[in-house]
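Trainee: Sequence and predicted structure, then a few things I'm wondering about:
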Amino acid sequence: MDPPGLVVHGKAEPFSAALGSLVNSPRYSDVRFVVGQEQQEIFAHRCLLACRCNFFQRLLGTESGPGVPSTVVLSTVPTEAFLAVLEFLYTNSVKLHRHSVLEVLTAAVEYGLEELRELCLRFVVKVLDVELVCEALQVAVTFGLGPLQEHCVAFIEAHSQEALRTQGFLELSAAALLPLLRSDKLCVDEAELVRAARSWARVGAAVLERPVAEVAAPVVKELRLALLAPVELSALEEQNRQEPLIPVRTRGTGPAPLSSGGTGRWEGWVRPSPQSSGRGATAGLSADWPCSAGGADRGGVEVPRPAER
């Protein structure tokens, strides 16, 4: 009886380099992809893609011949991200870049490449900065990447003012904005957060061609109006007359000035005061004006209010 065989391994680098030389190479290629908005032509090899990824196996079929596409259009994935996916499939390694890693992460999730997804997630955490964090938060919310979402929210909590001024913040979906507005740890004055929410809603209104108040409706209940000083409430009331942001309910025959204790009621929610037992104690209650929480921060602690920003 022969003794059991022993598996021995050659060097991985030459093998990886040889396969890597076939990425986007017409040599032996039997399938072409037309990728991205620029419709870039990319060459690939059916058997390798099908063996490495179930998505491509279903897309390309299990056998070559009539009816199997030789050209596949993938218009939604950027060229650079798709080439990174091919690099990973061919060599089991990939060179990631800060400017494109979220696009590679998106492709990895959509194609079911769990190992590539984890590599991208670790890379994102390493390179996360103020300009990238809101975009990363949007990706995390879109694809249900809980740990990345938590990391992004924590980063924004520590760099709130800078993050609120980025283009990425203005382009967040309502679902991605909500976890930020619900946070107790944002290092930003509530009045500034209201202004940021208005700017966000304006951008959405322009893109969607809908009223600002309609775009803002899913998120305005998370604004903590009870933390605004009376002068800020008055300013907000005047802004709301000129450009409605926060819906107002009325009792009786019509709305009264909200900052003077009339019948108007914001559709906002009262937030815990320093004496409350926690966030759940008052959640869901409409906030009657006037509110006099003064310069409280988002956790309900009194802090000095700066003279200007």
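Mentor: Arrived safely.
Trainee: Strands of the stretch 151-300 of the chain, residue ranges please.
Mentor: With DSSP state E, counting those that start in this stretch, the ranges of strands along the stretch 151-300 of the chain come out as 248-249, 265-269, 286-288.
Trainee: which of those has the lowest average pLDDT?
Mentor: Of all the strands of the stretch 151-300 of the chain, mean pLDDT reaches its minimum on strand 286-288 (a mean of 37).
Trainee: Pull the contacting residues for Gln40.
Mentor: Val34, Thr79 (Cβ atoms under 8 Å, 6 or more residues apart in numbering). Every residue, glycine included, has its C-beta placed from N, CA and C.
Trainee: hey, what's it bridged with?
Mentor: Val35 (DSSP bridges).
Trainee: what comes into contact with the longest helix that the chain contains?
Mentor: Assignment by DSSP state H gives helix 190-208 as the longest helix of the chain. Identification of contacts with helix 190-208 by Cβ under 8 Å, 6+ apart yields 161, 164-165, 169-172, 177, 181, 186, 188, 210-216, 219-220, 223-225, 227-229, 232, 236, 239, 243, 245, 296-298, 309.
Trainee: and the gap between Leu116 and Leu89?
Mentor: 8 Å (Cβ to Cβ, to the nearest Å).
Trainee: When those two are compared, which one has more neighbours?
Mentor: Taking neighbours as other Cβ atoms under 10 Å, Leu116 and Leu89 compare with Leu116 leading, 25 against 22.
Trainee: Isn't the more buried one up against Thr91?
Mentor: No: the pair Leu116 and Thr91 does not pass the contact test of Cβ atoms under 8 Å, sitting 11.6 Å apart.
Trainee: Can you point out the buried residues in the helix or strand harbouring Cys134?
Mentor: In the assignment (DSSP states H and E), Cys134 maps to helix 130-143. With burial defined by 16 or more other Cβ atoms under 10 Å, the residues of helix 130-143 counted as buried are Val130, Leu132, Val133, Cys134, Glu135, Ala136, Leu137, Gln138, Val139, Ala140, Val141.
Trainee: For those residues, give me a markdown table that also has distance to Pro4.
Mentor: Below are these laid out as a markdown table (distance: Cβ to Cβ, whole Å):
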| residue | distance to Pro4 |
| --- | --- |
| Val130 | 57 |
| Leu132 | 51 |
| Val133 | 53 |
| Cys134 | 56 |
| Glu135 | 53 |
| Ala136 | 49 |
| Leu137 | 52 |
| Gln138 | 53 |
| Val139 | 48 |
| Ala140 | 47 |
| Val141 | 51 |
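Trainee: Who are the contact partners of Leu145?
Mentor: By Cβ under 8 Å, 6+ apart, Leu145 lies in contact with Val109, Leu121, Val139.
Trainee: Excluding chain neighbours, what is closest to the first one?
Mentor: Using Cβ to Cβ, 6 or more residues apart in numbering and skipping residues adjacent in sequence, the residue nearest Val109 is Phe143, 4.8 Å away.
Trainee: Please apply the same query to the second one.
Mentor: The shortest distance from Leu121 to any non-neighbouring residue, by Cβ to Cβ, 6+ apart, is to Leu148 (5.8 Å).
Trainee: isn't Thr106 right up against Ala81?
Mentor: Yes: counting by Cβ under 8 Å, Thr106 does reach Ala81; the two are 7.3 Å apart.
Trainee: Double-check that Pro4 belongs to a helix.
Mentor: No: secondary structure of Pro4 (DSSP: H, G, I helix; E, B strand; the rest coil): coil, not part of a helix.
Trainee: got a pLDDT number for it?
Mentor: 86.
Trainee: Determine the number of other residues adjacent to it.
Mentor: Pro4 has 5 neighbours, counted by other Cβ under 10 Å.
Trainee: quick one: it from Gly10, how far?
Mentor: Pro4 is 20 Å from Gly10, by Cβ to Cβ.
Trainee: what does the model give Gly284 for pLDDT?
Mentor: At Gly284, pLDDT is 32.
Trainee: Can you tell me the centre-most residue of the chain?
Mentor: In the chain, the centroid-proximal residue (Cα atoms, centre = their mean) is Gln138; its distance is 0.8 Å.
Trainee: can you pull the contacts of it?
Mentor: Contacts of Gln138 by Cβ under 8 Å, 6+ apart are Gly168, Glu171, Leu172, Ser173, Ala176.
Trainee: Can you select the buried ones from the residues you listed in ChimeraX?
Mentor: Under the burial definition 16+ other Cβ under 10 Å, those of the contacts of Gln138 that qualify are selected in ChimeraX by:
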select :168,172,176
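Trainee: what's the most distant pair in the contacts of Gln138?
Mentor: Farthest-apart pair in those is Gly168 and Ser173; separation 11.5 Å (Cβ to Cβ).
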